[in-house]
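K.L.:
Based on what follows, work out the 3D shape:
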Amino acid sequence: MNKQVKILFIFFLLISSTLFSQKIIFHIQSPFGKNEKITLSEFDWIMEKIKVLHRQDFDSLGRAEFLFNVGYPRKIVLGNNEIFIEPEKEVFLTLDSNFVIMKVQAAYPANYTMYQKLHSSSTRQEDSAISAFPEKIKERYKNLFLQQIAIADSAKKQNLISPRFYTFLTTECNSRYLSGLYYYYTARKDVVSTPASFLEEFSKDKFEDETNLNSMFYSFALYNYVSYISQGNDGTIAAFDRILQTINNGFNGSQKEFLLTYLFRRYCKLQKSEYNKILPQAYYDLMETVKTPKYKESIQYNYQYYLKANRPVPDSVAILPLTMKNAESSLKEVLNKGNSTKIILFWASWCGPCISEIRELKEKFPDLKSSRFDFVFISADEDDLKFKAAAGKLGIQSFRLNKSLAVYSSFFKLSALPRHLLIKNGQIEDLNFDLKIIY
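P.N.:
From the prediction side, this is the model:
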């Protein structure tokens, strides 16, 4: 082997080793058969969506084996379990009939069971009996926090959880404790006299490490802290301005971008008409200021949400004709019939992912019916013959946009298919609904 080939071979081994080191081989045993799947998912709290990361069939013996790309250490959901994943060679899990992990073989087994243990160990009770006594509320919250930390400390001493998970978990527990105090303070401050010391632990030194932004609870606590020091959590325009000033003057880097994004999202979700005075300019400013792709995506999505969601589909769109079997209807007529919850599925005969998705949907709902919602299929096909052939082959009843295509494409952003819309009681609830949530 000449020198150049040898160097390339060593480089290949190093790259392969690095890539493989970011993965886990899962070996899962369950009481299920071939008709069941195990799902790994993650709650994308920036976009407020559940992302399906991997789905794997069980074989006839209830086994599922697959290689999973970790990416970076974080919390995800496997079956009905919150787990913390980071690169390791192999993990062996045994599930019960409720998809709950019963047995683990791994380098750090408690990474896969600690959340269950913390949930089951919680002794927190209803606060109604002591809700008028801030000191007792704080004592209860503090005791719960210390109890959870003690469980984590014990697992760490026994080498059952990884150092990364221990840091993540203790940060998360502390953040939940601080947010609990803050929520009590904001909910009761008008009816209960809260001592100045109640939120003394709510200080900036708790939020120095921006790598903790991977934790939803840390991020929420950080925003709560900013709201607290800005004296602004009432949803007014004045509060928006105060929080914005605090962020711009007191934070940098990823924390600043997150805080700007979350402030904007919160006001978009509140859906108040007077926000027309601030949100359009804020949107323009943030799209110039924020550089992180996931935050920019959230800003864009939430601004579209503000403009369209929690409102009816406008008549300029809703009354346009939809055709089915040479007869015409409209989205407005469709929404006034049947279940008050509708899942609108936009598709086309030329869209491969659409066809695959509809076939998978029919596996889950053979007659395409549910007591929880109605499915409404709307095709973006321009060719009527291809549309009818595809709908017939799939065995679905579908509308076609026909003359309404341009307006629908503009309003619902149909340049990329498939696209799903969730409508409840005539109001748009989700402009980009994840269909796998209902599986």
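K.L.:
only C-alpha atoms for contact and neighbour calcs from this point on.
P.N.:
OK.
K.L.:
longest helix anywhere in the chain?
P.N.:
What stands out as the longest helix in the chain, according to DSSP state H, is helix 163-188.
K.L.:
Give me the helices and strands touching the helix or strand following that one, please.
P.N.:
Using DSSP states H and E, the helix or strand that follows helix 163-188 towards the C-terminus is helix 216-230. The helices and strands touching helix 216-230, judged by 3 or more CA pairs under 8 Å, 6 or more residues apart in numbering; DSSP states H and E, are helix 163-188, helix 237-250.
K.L.:
circling back to that earlier point, got the buried residues for the longest helix of the chain?
P.N.:
By 16 or more other CA atoms under 10 Å, the buried positions in helix 163-188 come out as 165-166, 168-182, 185.
K.L.:
cool, and stretch 276-294?
P.N.:
Across stretch 276-294, burial judged by 16+ other CA under 10 Å covers 279, 282-283, 286, 290.
K.L.:
How about stretch 146-163?
P.N.:
Neighbour-count burial for stretch 146-163, with 16+ other CA under 10 Å as criterion, is recorded at 146-149, 152-153, 155-156, 160-162.
K.L.:
and Val191, how many neighbours?
P.N.:
8 (other CA atoms under 10 Å).
K.L.:
For Glu135, see how far away it is.
P.N.:
15 Å (CA to CA, to the nearest Å).
K.L.:
Between the helices and strands packed on helix 216-230, which one is closest to Ile76.
P.N.:
Closest of those to Ile76 is helix 163-188, at 12.4 Å (criterion: CA to CA).
K.L.:
what about the closest one, average pLDDT?
P.N.:
Throughout helix 163-188, pLDDT has a mean value of 92.
K.L.:
what angle sits between it and helix 216-230?
P.N.:
With axes from the mean of the first three to the mean of the last three CA atoms, to 10 degrees defining the directions, helix 163-188 sits at 40 degrees from helix 216-230.
K.L.:
helices or strands up against helix 163-188?
P.N.:
Packed next to helix 163-188, using 3+ CA pairs under 8 Å, 6+ apart, are helix 134-157, helix 216-230.
K.L.:
got those as CSV, with distance to Ile343 columns?
P.N.:
What follows is those, written out as CSV (distance: least, CA to CA, whole Å):
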stretch, distance to Ile343
helix 134-157, 40
helix 216-230, 28
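K.L.:
In JSON lines: those, plus mean pLDDT.
P.N.:
Formatted as JSON lines, the helices and strands packed on helix 163-188 follow (pLDDT from 0 to 100):
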{"stretch": "helix 134-157", "mean pLDDT": "92"}
{"stretch": "helix 216-230", "mean pLDDT": "94"}
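K.L.:
Looking at the ones you listed, which is nearest to Gly71?
P.N.:
For the helices and strands packed on helix 163-188, the distance to Gly71 is smallest for helix 216-230, at 17.6 Å, taking CA to CA.
K.L.:
circling back to that earlier point, TSV please, covering the helices and strands packed on helix 216-230 and showing distance to Tyr275.
P.N.:
What follows is the helices and strands packed on helix 216-230, written out as TSV (distance: least, CA to CA, whole Å):
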stretch	distance to Tyr275
helix 163-188	22
helix 237-250	7
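K.L.:
Just name the shakiest helix or strand of this structure by mean pLDDT.
P.N.:
helix 3-21 (a mean of 46; mean pLDDT, DSSP states H and E).
K.L.:
Tell me the first helix or strand C-terminal of it.
P.N.:
Next in line after helix 3-21, if elements are assigned by DSSP H and E, sits strand 23-29.
K.L.:
who touches that following strand?
P.N.:
62-71, 87-95 (CA atoms under 8 Å, 6 or more residues apart in numbering).
K.L.:
Show me the residues you listed that map onto strands.
P.N.:
If you go by DSSP state E, the contacts of strand 23-29 have 63-69, 90-95 in strands.
K.L.:
could you dump those residues to a markdown table with pLDDT and distance to Lys388?
P.N.:
Shown next, in a markdown table, are these (pLDDT from 0 to 100; distance: CA to CA, whole Å):
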| residue | pLDDT | distance to Lys388 |
| --- | --- | --- |
| Arg63 | 94 | 41 |
| Ala64 | 95 | 39 |
| Glu65 | 95 | 40 |
| Phe66 | 94 | 39 |
| Leu67 | 93 | 40 |
| Phe68 | 94 | 40 |
| Asn69 | 92 | 40 |
| Glu90 | 94 | 48 |
| Val91 | 96 | 48 |
| Phe92 | 97 | 48 |
| Leu93 | 97 | 47 |
| Thr94 | 96 | 47 |
| Leu95 | 95 | 44 |
